[in-house]
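In: here is a sequence together with a model predicted from it:
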Amino acid sequence: MTSNSISEVLEYLILKKMAGRPEVLKALLDYVDGNISPATASTVYGISKYQLRGFAQRIYDKAGNRSLASLLIKIAVPIILEKTKVYIDRSQKPEECLICNRKLYNVFPEDHIKKHHKDVISHEKQRIIVEIKKVLSKEFVKEEILREK
């Protein structure tokens, strides 16, 4: 996995949360952890098994390595769910971007954010990377302490 592929995976995950789709991230995390089957995801998260498999496959393709992509999902998704804001108001139709107040007629929210708010995505991605490094650093320290015992 290159730094570019990590960046692409993070952007994909972050965009789902920014677009008001946290249920996708929760389903992906449960699916990758083996806690949920794609069929069960439809009743728990309202995502069809085909959508969930498609989301997972896109991430695996972007990462270029399934096991490393799974690891990145396990580390990044909880952070993204906690730290990333939702920027699309999905409570009304058409949806509205809370950054520019534009109504989204016939536009996927992720596409709107990607096209018009690259700076917000970039900033958010850097914040999430810092948080991931903190988590990895803590895990490394824990492992070192356990080795010394």
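Out: Nice, thanks for sending it over.
In: how much space between the residue lying closest to residue 108 once chain neighbours are set aside and residue 3?
Out: Of all residues not flanking residue 108 in the chain, residue 19 sits nearest, at 7.8 Å (C-beta to C-beta, 6 or more residues apart in numbering). No exception for glycine: its C-beta is placed from N, CA and C like everyone else's. Using C-beta to C-beta, to the nearest Å, one gets 24 Å for the distance from residue 19 to residue 3.
In: who's more crowded, the two?
Out: Neighbour tally, residue 19 and residue 3, criterion other C-beta atoms under 10 Å: the higher count belongs to residue 19, 23 against 8.
In: for the helix or strand of the chain with the lowest mean pLDDT, packing partners?
Out: Comparing every helix and strand of the chain by mean pLDDT, DSSP states H and E singles out helix 118-148 as the least confident one, with a mean of 85. Helices and strands touching helix 118-148, by 3 or more C-beta pairs under 8 Å, 6 or more residues apart in numbering; DSSP states H and E, are helix 3-18, helix 66-83, helix 109-116.
In: just the buried residues of the first one, please?
Out: So the one you mean is helix 3-18. Of the residues in helix 3-18, those buried under the neighbour-count criterion (16 or more other C-beta atoms under 10 Å) are 5-6, 8-18.
In: and the last one, by the same measure?
Out: For helix 109-116, burial by neighbour count (16+ other C-beta under 10 Å) applies to 109-110, 112-114.
In: what does that helix contact?
Out: Residues external to helix 109-116 that are found in contact with it (C-beta atoms under 8 Å, 6 or more residues apart in numbering): 15-16, 18-21, 87-88, 90, 95, 97, 99-100, 102, 104, 120-121.
In: now it, how far from the centre of its chain.
Out: Put simply, helix 109-116 sits 15 Å off its chain's centre (C-alpha atoms, centre = their mean, to the nearest Å).
In: repeat that for stretch 9-22.
Out: The answer for stretch 9-22 is 4 Å, by C-alpha atoms, centre = their mean.
In: just the CA trace of that stretch, in PDB.
Out: Listed next in PDB are the C-alpha coordinates belonging to stretch 9-22 (Å, rounded to 0.1, in the frame of the first residue of the first chain):
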ATOM      1  CA  VAL A   9      -8.800   5.100   0.900                       C
ATOM      2  CA  LEU A  10      -9.000   7.700   3.600                       C
ATOM      3  CA  GLU A  11     -10.600  10.200   1.300                       C
ATOM      4  CA  TYR A  12     -13.200   7.600   0.300                       C
ATOM      5  CA  LEU A  13     -14.100   6.900   3.900                       C
ATOM      6  CA  ILE A  14     -14.000  10.600   5.000                       C
ATOM      7  CA  LEU A  15     -16.300  11.500   2.100                       C
ATOM      8  CA  LYS A  16     -18.900   8.900   3.200                       C
ATOM      9  CA  LYS A  17     -19.100  10.600   6.600                       C
ATOM     10  CA  MET A  18     -19.000  14.100   5.300                       C
ATOM     11  CA  ALA A  19     -21.900  13.200   3.000                       C
ATOM     12  CA  GLY A  20     -24.000  12.100   5.900                       C
ATOM     13  CA  ARG A  21     -23.500   8.300   5.400                       C
ATOM     14  CA  PRO A  22     -22.100   7.100   8.700                       C
END
